[in-house]
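Peer 1: take this sequence and fold it.
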Amino acid sequence: MLVANIIPTTKYFESRFDFLQHQINELREGQKQLQESMNYRFEQVDKRFERLDTELKDFKGSVDKRFEQVDYRFELMDKHLDKINAAIDRLTDKWTSAMCVSAVSQYACSVSPSPFHFWGCWEYS
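Peer 2: Below is the predicted model:
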């Protein structure tokens, strides 16, 4: 009798092993559910990244288009400024040549006391 109370029966071991097996099965099932949940979350994150990629591509395209428009406007402005510079150069050339003629005629008037030169210088003064 004494020995029977100290050494557990095989039923005790069987019930303990059954309980351990049950816990192992629950852990495996929990791992499967966790894996499925993680896969679902990763799919959601992947979808978000794909959506962000397409939005970024669209944004980049619109920015590129906007920069092309700005570049075109700068080109037009450069052409317009070139035309203005050409017009200023033409006016400067006219003014410079008129000043040269005026300076030459004034010099001629101061050098020559002829009355004919005086009337000629009067026109340019």
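Peer 1: which helix runs longest in the protein?
Peer 2: Counting by DSSP state H, the longest helix found in the chain is helix 10-111.
Peer 1: number of residues surrounding Asp53?
Peer 2: Neighbourhood size, Asp53 [other Cβ atoms under 10 Å]: 10. To be clear about C-beta, it is placed using only N, CA and C from the backbone, and glycine gets the same treatment.
Peer 1: measure it to Asn39 for me?
Peer 2: 21 Å (Cβ to Cβ, to the nearest Å).
Peer 1: what helices and strands are in contact with the longest helix of the chain?
Peer 2: When contacts are defined as 3 or more Cβ pairs under 8 Å, 6 or more residues apart in numbering; DSSP states H and E, helix 10-111 sits against helix 115-124.
Peer 1: model confidence over the helix it packs on, on average?
Peer 2: Across helix 115-124, pLDDT averages out at 49.
Peer 1: over to stretch 72-91?
Peer 2: pLDDT averaged over stretch 72-91 gives 92.
Peer 1: name the residues of that stretch that are buried.
Peer 2: Residues of stretch 72-91 include none that count as buried (16 or more other Cβ atoms under 10 Å).
Peer 1: quick one: distance of that stretch to the chain centre.
Peer 2: Remark: stretch 72-91 is offset 29 Å from the chain centroid, using Cα atoms, centre = their mean, to the nearest Å.
Peer 1: contact partners of it?
Peer 2: By Cβ atoms under 8 Å, 6 or more residues apart in numbering, no surrounding residue is in contact with stretch 72-91.
Peer 1: where does this protein dip in pLDDT?
Peer 2: Scanning the chain with the threshold set as pLDDT under 70 gives 1-6, 8, 100-125.
Peer 1: how many other residues sit next to Asp18?
Peer 2: 10.
Peer 1: brain fart, Ser37
Peer 2: Ser37 has 10 nearby residues by other Cβ under 10 Å.
Peer 1: also Ile7?
Peer 2: Neighbours of Ile7 (other Cβ under 10 Å): 9.
Peer 1: Gln23 too?
Peer 2: Using other Cβ under 10 Å, the number of residues around Gln23 comes to 10.
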